[in-house]
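A.B. asks: Quick one: sequence and predicted model below, then my questions.
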Amino acid sequence: MFKWVAQSLSKPRYSVFQPGVIILTSRGVPDVSVFLLGMGPTRILVDVGWHTGAVTLLDDLQQAMENSGAQSLSAIIITHWHCDHILALDIVRDWHRQRFGTIPPSYKFPFPYPPKCGLPDVATFLPLADEQLFPLGPCGPSWEYRARVLHTPGHSPDHAALLVETVPSREQAPAPGAACPFPPFIICGDLFVGGGTSSIVIHLASYYVSIERLKQLCLGPDAARPSTASPAQPVTVLIPSHGEPLRNPLSDIDRVRAARVDRERRLLEQLEQLEKDPSAVGGCTLRDFLGSYPPQVRKNPFLATGALLNAHAHLEKLVAEGRVVETRCDNVPQFSADELANTSRMYFPTASEADLVSLTELEPLRAVLRSHFRYRLVR
Ligand SMILES: [Zn+2]
């Protein structure tokens with residue numbers, strides 16, 4: 001079912017997950033998946049990838065569209081604002097305008113990143129709504145595909161997952177008892193990465209709500225929470241933006257949750273340990289937490305930023321639960337201009353050097369990098 005289509009045997013360019021669901025790759029660090037959905041003359045593109053990967057992606061997209069009979073894109077849905085998902089948007093829009101004469105509308109949950117950050121202008125998006133439906137056309141004589149938008153914050157405030165489901169055709173209903181040709185699956189963006197781990201989490205409480213929502217959809221219609229329209233069958237596959245599909249989603253979701261709980265336990269232990277350090281007067285700082293990571297994390301600006309953001313998300317939750325207290329202090333060593341620039345470079349790789357430091361004012365970076373807080377266990 002998950003068949004690579006190869007222009008050459010050594011270099012697979014896109015894969016057909018199932019009819020009407022093509023997965024392309026935007027090359028970069030990391031590679032990111034881009035999805036072409038639908039079987040009719042117009043298709044929907046989900047994410048567009050890196051600006052540096054755009055030329056290859058557009059070659060592959062053109063090939064995939066020609067090979068599958070697609071004539072144009074009717075919409076582009078962006079799962080969230082991160083650069084690896086969004087940076088090629090203006091290039092893809094321009095390509096579509098030149099090739100097909102139109103610019104397809106782009107959809108995204110709102111998130112007000114600033115104008116000088118190098119990302120596509122926020123004003124050029126139409127806002128997504130939770131549970132919004134995107135028809136994807138027929139996928140058999142009596143069936144239709146559609147994508148249902150799920151607002152799933154936690155990795156980012158504007159994160160969307162897409163439930164792709166097969167429903168009876170409005171024009172020609174299937175025979176009674178006819179089996180649905182394709183089970184539902186979820187394009188889960190960066191809520192999970194291939195291999196079943198979570199990526200950076202900015203807000204832990206909403207992350208847990210989001211993965212629980214996906215879990216309910218994997219348990220099936222009876223278990224789905226009443227407010228969520230659920231597919232007729234359980235979801236059996238989650239397809240992340242990075243890495244291979246998760247084919248045992250229930251155990252993957254449980255494992256990711258357990259890993260988070262374990263991370264919290266280790267963070268509390270670390271807090272206890274760091275408090276014994278006489279230099280940690282008044283409590284630990286975020287920089288102290290970074291100090292306990294191995295050098296390959298500390299010395300890599302991207303990994304270090306991820307570690308800080310995750311630690312901050314855990315601390316924020318522990319403070320909200322009353323298990324850790326945070327105190328604003330003026331004597332917390334602040335991050336240097338270089339560290340600030342390195343951090344925002346991860347999010348804004350095309351921004352000018354002059355703008356990089358000011359971009360750390362954007363949530364969620366501000367919470368971490370401008371932090372004047374010390375953290376102590378509540379005894
Ligand atoms: Zn992301």
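C.D. replies: Arrived safely.

A.B. asks: Which phi and psi values does L271 adopt?
C.D. replies: phi -60, psi -40 (degrees, to the nearest 10).

A.B. asks: Tally up the residues packed near it, please.
C.D. replies: Per other C-beta atoms under 10 Å, the neighbour tally for L271 reads 21. To be clear about C-beta, it is placed using only N, CA and C from the backbone, and glycine gets the same treatment.

A.B. asks: and the gap between the residue nearest the centre of the chain and the ion?
C.D. replies: In the chain, the centroid-proximal residue (C-alpha atoms, centre = their mean) is D190; its distance is 2.7 Å. For D190, the distance to the ion equals 4 Å [C-beta to the ion, to the nearest Å].

A.B. asks: Could you pull up the contacting residues of that residue?
C.D. replies: 79-80, 82, 85, 155-156, 159, 199-200, 240-242 (C-beta atoms under 8 Å, 6 or more residues apart in numbering).

A.B. asks: among these, which are in reach of the ion?
C.D. replies: H82 (C-beta under 5 Å from the ion).

A.B. asks: Helices - which of the contacts of D190 land there?
C.D. replies: Counting by DSSP state H, the part of those found in helices is H85.

A.B. asks: Can you say which of the contacts of D190 are buried?
C.D. replies: Neighbour-count burial (16 or more other C-beta atoms under 10 Å) is assigned, among those, to 79-80, 82, 85, 155-156, 159, 199-200, 240-242.

A.B. asks: elements contacting the host helix or strand of E66?
C.D. replies: For E66, the host element (DSSP states H and E) is helix 54-68. Using 3 or more C-beta pairs under 8 Å, 6 or more residues apart in numbering; DSSP states H and E as the contact test, the elements touching helix 54-68 are strand 3-8, strand 11-18, strand 21-26, strand 32-37, helix 89-100.

A.B. asks: Comparing these, which comes out most buried?
C.D. replies: Comparing the helices and strands packed on helix 54-68 by mean neighbour count (mean count of other C-beta atoms under 10 Å), strand 32-37 comes out on top with a mean of 25.

A.B. asks: immediately after that one, which helix or strand?
C.D. replies: In N-to-C order, the element after strand 32-37 by DSSP H and E is strand 42-46.

A.B. asks: Show me which residues of that next one are buried.
C.D. replies: Result for strand 42-46 [16+ other C-beta under 10 Å]: buried residues 43-46.

A.B. asks: Could you tell me the average pLDDT over that strand, please?
C.D. replies: The average pLDDT within strand 42-46 is 97.

A.B. asks: Show me what it is packed against.
C.D. replies: Under the contact definition 3+ C-beta pairs under 8 Å, 6+ apart, strand 42-46 sits against strand 32-37, strand 72-77, strand 133-138.

A.B. asks: In the stretch 1-150 of the chain, what residue lies closest to the ion?
C.D. replies: Going by C-beta to the ion, the ion is nearest to H82 of the stretch 1-150 of the chain, at 3.5 Å.

A.B. asks: Get me the contact residues on the stretch 151-300 of the chain for the ion.
C.D. replies: Residues of the stretch 151-300 of the chain lying near the ion (C-beta under 5 Å from the ion): D190.

A.B. asks: need the strands for the stretch 151-300 of the chain, in chain order.
C.D. replies: 160-168, 185-189, 237-240 (DSSP state E, counting those that start in this stretch).

A.B. asks: Could you pull out the buried residues of the longest one?
C.D. replies: Along strand 160-168, these residues count as buried under the neighbour rule (16+ other C-beta under 10 Å): 160-167.

A.B. asks: So what's the residue count around P110?
C.D. replies: 12.

A.B. asks: mind checking the backbone torsions on A70?
C.D. replies: Torsion angles, degrees, to the nearest 10, at A70: phi -80, psi 140.

A.B. asks: List phi and psi for D158.
C.D. replies: According to degrees, to the nearest 10, D158 has phi -100, psi 20.

A.B. asks: export the strands of the stretch 151-300 of the chain to TSV and tack on mean pLDDT and distance to P105?
C.D. replies: Listed next are the strands of the stretch 151-300 of the chain as TSV, based on pLDDT from 0 to 100; distance: least, C-beta to C-beta, whole Å:
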stretch	mean pLDDT	distance to P105
strand 160-168	95	15
strand 185-189	97	19
strand 237-240	97	23
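
A.B. asks: got these as CSV, with distance to D288 columns?
C.D. replies: Below are the strands of the stretch 151-300 of the chain laid out as CSV (distance: least, C-beta to C-beta, whole Å):
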stretch, distance to D288
strand 160-168, 35
strand 185-189, 32
strand 237-240, 32
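
A.B. asks: how about these, which one is nearest D330?
C.D. replies: strand 185-189 (39.0 Å; C-beta to C-beta).

A.B. asks: neighbouring strands for the closest one, and are they parallel or not?
C.D. replies: strand 160-168 (antiparallel), strand 237-240 (parallel) (DSSP bridges).

A.B. asks: Can you give the distance of it from its chain's centre?
C.D. replies: Offset of strand 185-189 from its chain centre (C-alpha atoms, centre = their mean, to the nearest Å): 10 Å.

A.B. asks: before we move on, what about stretch 346-356?
C.D. replies: For stretch 346-356, the distance to the chain centre is 20 Å (C-alpha atoms, centre = their mean).

A.B. asks: for stretch 200-212, same thing?
C.D. replies: Offset of stretch 200-212 from its chain centre (C-alpha atoms, centre = their mean): 12 Å.

A.B. asks: for it, which positions count as buried?
C.D. replies: Quick answer for stretch 200-212 (16+ other C-beta under 10 Å): 200-204, 206-207, 210-211.
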